[in-house]
Every structure is written in C-alpha cells, then in structure tokens.
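**Student:** would you be able to build a 3D model of this:
(one chain, ligands or ions: 1)
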Amino acid sequence: MRFSLGAYVIAAFAAGAAANAGDGPASAPTQLAWFQARSIFHSGLRDTHTIALTFDDGPNAFTGAVLDALDANNVKATFFIVGQMAKTHPEMLARVAAEGNLLANHSASHPELTSSFDDDPNKLIYQLKNVHDFIAPLMKQTDTLYFRAPYGYWRSAHATILNADPVLRNYVGPIYWDIGGDISMRDGYVMSSADWACWKHKWSAQVCAKGYLREIRRDNGGVVLMHCIHAQSGELVAAVVPPLVEEGYTFVRLDQVPDYKQYETPQTAPAVADAAPLRDVLRIASNKVK
Ligand SMILES: [Zn+2]
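**Tutor:** Next comes the predicted model:
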C-alpha cells in the first residue's frame with residue numbers, strides 16, 4: 001500500500017472529528033482533583049512527539065508477547081487491569097509490574113458503568129476496590145493511581161461517589177485516549193485503527209499497525225489505546241513501536257504525562273471521615289484546594 005499525502009490529510013481530519021464524537025472534550029477540570037465529572041479527554045501529548053501506550057483488559061496469556069515486544073524496544077507502558085483477569089493470571093500481572101510498566105485500574109468485571117451503579121454505590125466502589133487490591137501491592141507507594149472506565153462510559157454521579165471514598169479518591173480519572181478509538185478508511189487506505197475492530201475484520205497485525213502509525217504521525221503524539229489480550233497483540237506492538245523509535249518518538253507511562261498532574265488529589269486535602277456527609281466533604285475540599 002503506497003502512502004498518499006492528500007488522502008492522509010483529508011482522512012486525518014475526518015478521523016479526528018469522529019474520535020471525540022459524543023461527550024466532547026472538557027475545556028477545564030470540573031474539579032481541581034480526584035475523579036472528574038467527565039472523562040479526561042485530552043492528555044496534552046498531541047504535537048509533543050511523545051507517546052503513552054496504554055493496554056486495556058488484561059492480563060492474560062497473550063500479554064506476555066506484548067511485554068516481550070515492549071522490552072525488545074526498551075519501552076514502558078501503562079496497563080489498565082481488569083480484576084477478573086488479574087485473579088486468573090496473577091503471575092502475568094506480577095510480570096507486567098516487574099518489567100517497569102505502570103499498573104492502572106479498569107474495573108473488576110468490565111461492565112458498562114450505567115446509572116444502576118449510582119443507585120447502588122457499593123456496587124460501583126467494589127468495581128474499583130477489587131482491582132485496587134490486586135494492583136496496589138505490586139506498585140510503588142509513590143506511584144500515581146489511574147482509572148479508565150470500561151468502554152469509556154462515565155457518569156458524573158460516579159465521581160461524587162468515588163471521591164467520598166478515602167482510598168479511591170486518590171485516583172486520577174477517568175482517563176480517555178487520543179489515538180486508537182476507531183477504524184477509519186479513506187480511498188482504500190487504513191487511516192486509523194482500533195485493535196479489537198482490526199481483529200473483528202480479520203485484518204493482519206501489519207495492516208492494523210498502518211492505521212495506528214498514520215494516526216500517531218498525524219497527531220504527533222498522544223495516549224494510544226490498545227489491548228493486550230489477543231493472539232495478535234504482541235505482533236501489533238512489534239509492528240507499531242520500532243518505526244516510532246526510529247522517528248525519535250519518546251515513550252512514557254501515564255505518570256509522566258504533565259497535563260494529568262492537575263487532577264491529582266493534593267496531599268494537603270482533608271482526610272475523609274467515614275461518616276461525614278458527602279456534601280460537607282466536597283465543600284471542605286473545594287475551600288481548601290486552590
Ligand atoms: Zn476495556
């Protein structure tokens with residue numbers, strides 16, 4: 001497949017418009033810290049020639065090939081862990097952490113977090129606590145905690161509930177992505193890819209990689225969404241990463257993304273008393289945090 005600049009520019013614009021369809025970007029943090037009422041859509045990495053690879057839904061047996069491909073290129077990434085996968089593959093989870101990658105939280109069982117989780121807050125809290133208990137013992141105490149909502153689906157009421165929890169309020173999230181959200185084609189060219197959709201269409205890892213590379217080069221950096229649980233996952237990483245290393249891209253974990261710092265819970269924030277009414281907790285916090 002030959003690279004065509006004209007087609008590239010037009011398709012890039014179309015793909016960019018599609019990527020943020022729906023909720024739209026939040027222009028400023030809705031709170032100064034903690035869980036945000038809306039997904040954090042912008043990483044600030046676009047146009048910085050910096051990539052944060054994120055791998056969702058694992059770990060499983062296929063995650064090993066992803067780790068091999070990262071290691072071969074001396075690249076560290078962030079893994080959004082699902083609790084029921086961590087439970088089944090504890091040794092792979094330990095390997096992800098041991099190789100210098102950042103563990104993050106992607107819920108216990110990957111449900112769409114609908115309003116039923118606001119009706120029963122304990123159900124929501126369980127979804128995060130379950131994963132926290134798997135990943136926290138493998139993380140450094142100074143590591144920042146990140147959460148990504150399954151399917152990117154989020155409600156502001158979730159933030160209110162989770163910010164009242166003394167442990168979960170230390171998370172930054174929900175973290176969205178810049179690149180890898182959707183497949184787009186233009187004049188027969190793959191202009192952007194989403195790995196799960198590539199496999200659904202029975203594309204090879206090499207073809208899928210073209211979409212990732214074109215979207216990354218167009219944006220010149222960003223948070224990239226991938227998954228680490230498919231037979232082709234390792235091959236995809238092995239196809240995407242080396243050309244970018246060659247082109248001088250810097251690879252970072254999410255805790256090296258400067259724009260996310262503004263969402264971290266300040267250490268000076270008051271401790272949350274178990275029995276304190278939520279509105280008091282939030283009022284105290286908003287008075288204190290500047
Ligand atoms: Zn997921």
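
**Student:** can you tell me how far residue 95 is from residue 80?
**Tutor:** Distance from residue 95 to residue 80, counting by CB to CB, to the nearest Å: 16 Å. The way it works is simple: take the backbone N, C-alpha and C, and place the C-beta from them, glycine included.

**Student:** touching, residue 43 and residue 219? I think so.
**Tutor:** No - counting by CB atoms under 8 Å, residue 43 does not reach residue 219; the two are 10.3 Å apart.

**Student:** the more surrounded of these two?
**Tutor:** Ranked by neighbour count (other CB atoms under 10 Å), residue 43 and residue 219 place residue 43 first, with 25 against 21.

**Student:** identify the residues contacting the spatially closest residue to residue 204 that is not a sequence neighbour.
**Tutor:** Of all residues not flanking residue 204 in the chain, residue 232 sits nearest, at 7.6 Å (CB to CB, 6 or more residues apart in numbering). Listed by CB atoms under 8 Å, 6 or more residues apart in numbering, the contact set of residue 232 reads 195, 198, 199, 204, 205, 208.

**Student:** burial measure for residue 190, as a count.
**Tutor:** The number of residues near residue 190, taken as other CB under 10 Å, comes to 22.

**Student:** show me what it is bridged to.
**Tutor:** With beta bridges defined as DSSP bridges, residue 190 has these partners: residue 185.

**Student:** contacts only, for it.
**Tutor:** 1, 183, 184, 203, 207, 208, 210, 211, 214.

**Student:** for residue 162, same thing?
**Tutor:** Going by CB under 8 Å, 6+ apart, the list of residues near residue 162 reads 34, 35, 124, 125, 128, 168, 169, 171.

**Student:** mind checking which of those land in strands?
**Tutor:** Counting by DSSP state E, the contacts of residue 162 place 35, 171 in strands.

**Student:** let me have the contacts of residue 162 in a markdown table, extended by pLDDT, neighbour count and distance to the ion.
**Tutor:** A markdown table is the format used below for the contacts of residue 162 (pLDDT from 0 to 100; neighbours: other CB atoms under 10 Å; distance: CB to the ion, whole Å):
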| residue | pLDDT | neighbour count | distance to the ion |
| --- | --- | --- | --- |
| 34 | 84 | 26 | 22 |
| 35 | 92 | 27 | 18 |
| 124 | 98 | 23 | 16 |
| 125 | 98 | 18 | 19 |
| 128 | 98 | 25 | 14 |
| 168 | 95 | 22 | 19 |
| 169 | 92 | 20 | 23 |
| 171 | 95 | 24 | 16 |
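
**Student:** ok, which residues in the chain are in contact with the ion?
**Tutor:** Within the chain, the residues that sit near the ion (CB under 5 Å from the ion) are 56, 57, 150.

**Student:** do you know the pLDDT at the residue nearest to residue 204?
**Tutor:** Turning to residue 232, the model gives it a pLDDT of 98.

**Student:** and it, backbone torsions?
**Tutor:** phi -90, psi 0 (degrees, to the nearest 10).

**Student:** please apply the same query to residue 142.
**Tutor:** Per-residue torsions, residue 142: phi -90, psi -10 (degrees, to the nearest 10).

**Student:** how many neighbouring residues does residue 155 have?
**Tutor:** Residues lying near residue 155 (other CB under 10 Å) number 17.

**Student:** and the pLDDT for it?
**Tutor:** You'll see residue 155 listed with a pLDDT of 96.

**Student:** what's the answer for residue 18, then?
**Tutor:** Taking residue 18 on its own, its pLDDT is 34.

**Student:** same check, this time on the one 4 residues further on
**Tutor:** Looking at residue 22, its pLDDT is 35.

**Student:** next: the one 5 residues further on.
**Tutor:** At residue 27, the model reports a pLDDT of 46.

**Student:** can you name the residue of the stretch 101-250 of the chain nearest the ion?
**Tutor:** Residue nearest to the ion within the stretch 101-250 of the chain: residue 150 (4.9 Å; CB to the ion).

**Student:** isn't that residue up against residue 110?
**Tutor:** Yes - when contacts are counted by CB under 8 Å, residue 150 is listed as touching residue 110 (4.5 Å).
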